[in-house]
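> sequence first, then the predicted structure, then my questions.
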Amino acid sequence: MNARPIATKKKVVTFGEVMLRLTAPNFRRFSQTNEFIATYGGSEANVAVSLANFGIPTEFVTRLPDNAMAQACVDTLRANGLGTEGIVYGGKRMGLYFLESGAAFRNSNVVYDREGSSFATLRPGMIDWEKIFADAGWFHWSGIAASLSQEGADACMEALQIADRMGLTISCDLNFRKKLWNYGKSASEVMLPLVQYSDVIFGAEPEYKEVFGISPVGFKAVNTSYSLDLPGFEAFGKKVSELVPRCRKVFLELRNTITSNHNLLAAILYADGALKHTGIYDIVHEVDRVGAGDAFVGGMIYGLLTYPDDDQKTLEYALAASTLKNTVYGDFNQVTVEEVESLMQGNMSGRVAR
C-alpha cells in the first residue's frame, strides 16, 4: 500500500469498546471495599475525548445494548463533546472493568468483565462505515478492538478497507492486552494484516515486540539526565517502516516505572528516515495512569492535524498531554490546549491559577 498525505479534513472517527469502569476507592484492595466509583472509559473513547477537549470534531463508533446504563454512558460521551451518531445498538450488556489502583510498590490491577458484551459480539456489516466516514478525514482504531474475537478483528478489517478506499488517514494504537487475547490466535497473527493499512502507528516498546517481534531498545531513566539510545531507536523505527511500508510515522512512548506513583516518560518519532525525540518528564506523584497512552494518541493526532509541518512540536505536544493525564483521575484526559502548551513551555510550578 502506498503512503498518502496526512488528512486535511479535521473530523476524526474512533472505533472501539467503551466500558463501565468500577474503581475501588482510596487505593483499597478489592477485598477491602464494599463500594466502587463508577465512571466510563475505553481506549478509543478516551482518544476521542482528548480530541474534543482540544477542539477537534470527533465521532465515536461502538456497539452498546439498548438499556438505561448504555444511555447513561452515551450521555456522558455527548457531555464530553463526542459525536455519537455512529453508535449502533444490540446485544445484551456493556463491558465492565474493575480497577484496583496501585500505590508505592504495589501494582495496579485490572479485572475485565467484557466477554459476550455488545461490542464483543459485533460482526461485519453491522456498521454503516461509508455514512460515518463521509465527512471525516481520519480513522483511529486499536488492537483492543481486534483482541476480543475473530469477528471483531474482521469488523476492524471491514472498517479499514472502507476507510482506505475513501481516502482517510488511518492511525493504529497497537494496544496489546495479554488478558484479552483468548480466542486461539496470537496478536501478531491477527494484527500484522490489519496494521498494513496504517499511516501512523503508536505503541510502547513491549507492544511492538508482541506485534512485530522487534526487541525493545530499553528506557531505564531514573532522572531527567538519562541519555536515550538514539541509534537503537532509529534502527527500531526503520524496522517498523520496513514491515509496514505504508506507515509514514512511527511513535513510541517510553515509560520507566520506579514505583506505582513515580514514573519517567519520554517519546520517540521515526518519520521520513529520521528520528526525533523529547526530553524526559519525571512524574513523582502520579494520580491515575490509566488512559495515559490514549492521551498521547489524542495529542499526537491533534498535533499532526494542527502542526502538519512540525513533527517535533507534535511529538512534544503528545508527550505533554500524556504527562498531564497522569495527574487526572479517570480514563478521560480532561485538559485543555492551553494547559498542554503551558507544560511544553516549561511551566511546572504547580501554582494556583488565580
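Perfect, I can see it now. Values in this document were obtained by computation on a predicted structure and should not be read as measured data. Residues are numbered from 1 along each chain as shown.

> ranges for the helices of the stretch 51-200 of the chain?
In chain order, the stretch 51-200 of the chain shows helices spanning 68-79, 129-133, 143-147, 150-165, 187-195, with DSSP state H, counting those that start in this stretch as the criterion.

> with adjacent residues omitted, what lies nearest to the residue sitting nearest the centre point of the chain?
Geometric centre of the chain, nearest residue: residue 294, 3.0 Å, by Cα atoms, centre = their mean. Setting aside the residues directly before and after it, residue 294 is nearest to residue 46 in space (Cβ to Cβ, 6 or more residues apart in numbering), at 3.6 Å. (C-beta placed from N, C-alpha, C; glycine too.)

> kindly report the same for residue 123.
Residue 123's closest residue in space is residue 151 (Cβ to Cβ, 6+ apart), at 5.0 Å.

> likewise residue 314?
Of all residues not flanking residue 314 in the chain, residue 303 sits nearest, at 3.0 Å (Cβ to Cβ, 6+ apart).

> same deal with residue 150?
Of all residues beyond its chain neighbours, the one nearest residue 150 is residue 183 (5.9 Å), with distances taken as Cβ to Cβ, 6+ apart.

> please tell me the pLDDT value assigned to that neighbour.
Looking at residue 183, its pLDDT stands at 92.

> next one: stretch 101-116 to chain centre, how far?
Using Cα atoms, centre = their mean, to the nearest Å, the mean C-alpha position of stretch 101-116 is found 18 Å from that of the whole chain.

> kindly report the same for stretch 160-167.
On the basis of Cα atoms, centre = their mean, stretch 160-167 sits 21 Å off its chain's mean C-alpha point.

> any idea of the mean pLDDT for that stretch?
Along stretch 160-167, the predicted local confidence has a mean pLDDT of 98.

> buried sites along it?
Taking 16 or more other Cβ atoms under 10 Å as the neighbour-count basis, stretch 160-167 is seen to contain the buried residues 160, 162-164.

> return the alpha-carbon coordinates of that stretch using CSV.
The C-alpha atoms that make up stretch 160-167 are tabulated as CSV, following Å, rounded to 0.1, in the frame of the first residue of the first chain:
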residue,chain,number,x,y,z
LEU,A,160,-10.0,-0.3,7.5
GLN,A,161,-10.7,-1.3,3.9
ILE,A,162,-13.6,1.2,3.6
ALA,A,163,-11.5,4.0,5.3
ASP,A,164,-8.7,3.2,2.9
ARG,A,165,-10.9,3.3,-0.2
MET,A,166,-12.4,6.6,1.0
GLY,A,167,-9.0,8.2,1.4
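
> low-confidence regions, the stretch 1-150 of the chain specifically.
Low-confidence segments of the stretch 1-150 of the chain, defined by pLDDT under 70: 1-9.

> and for the closest residue to residue 44 other than its chain neighbours, the neighbour number?
Distance criterion Cβ to Cβ, 6+ apart; nearest residue to residue 44, sequence neighbours excluded, is residue 16 at 3.1 Å. A count of nearby residues for residue 16, using other Cβ atoms under 10 Å, gives 29.

> separation between residue 16 and residue 177?
12 Å (Cβ to Cβ, to the nearest Å).

> what's the mean pLDDT across the one helix or strand the residue nearest to residue 314 maps to?
Using DSSP states H and E, residue 303 maps to helix 292-306. Within the predicted structure, the mean pLDDT of helix 292-306 is 97.

> and that helix, what does it pack against?
Judged by 3 or more Cβ pairs under 8 Å, 6 or more residues apart in numbering; DSSP states H and E, the packing partners of helix 292-306 are helix 43-53, strand 138-142, strand 169-173, strand 200-203, strand 249-259, helix 311-325.

> only alpha carbons, please: show the longest one as CSV.
C-alpha atoms of helix 311-325 as CSV (Å, rounded to 0.1, in the frame of the first residue of the first chain):
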residue,chain,number,x,y,z
ASP,A,311,6.8,16.8,13.7
GLN,A,312,8.9,17.9,16.7
LYS,A,313,6.1,20.1,18.1
THR,A,314,3.6,17.3,17.5
LEU,A,315,5.8,14.9,19.5
GLU,A,316,6.3,17.4,22.3
TYR,A,317,2.6,18.1,22.4
ALA,A,318,1.6,14.4,22.6
LEU,A,319,4.0,13.7,25.4
ALA,A,320,3.0,16.8,27.4
ALA,A,321,-0.7,15.7,27.0
SER,A,322,0.1,12.2,28.2
THR,A,323,2.2,13.6,31.2
LEU,A,324,-0.8,15.7,32.3
LYS,A,325,-3.1,12.7,32.1
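
> starting at the chain centroid, how far to that helix?
Using Cα atoms, centre = their mean, we find the averaged C-alpha position of helix 311-325 to lie 13 Å away from the chain's own average C-alpha position.

> okay, and the common contacts of residue 16 and residue 177?
Here residue 16 and residue 177 have residue 144 as joint contacts, going by Cβ atoms under 8 Å, 6 or more residues apart in numbering.

> the nearest residue to residue 132 once chain neighbours are set aside: neighbouring residues, count only.
Among residues not flanking residue 132 along the chain, residue 86 sits closest, at 4.5 Å (Cβ to Cβ, 6+ apart). The burial metric for residue 86, expressed as a neighbour count using other Cβ under 10 Å, is 20.

> thanks a lot, catch you later.
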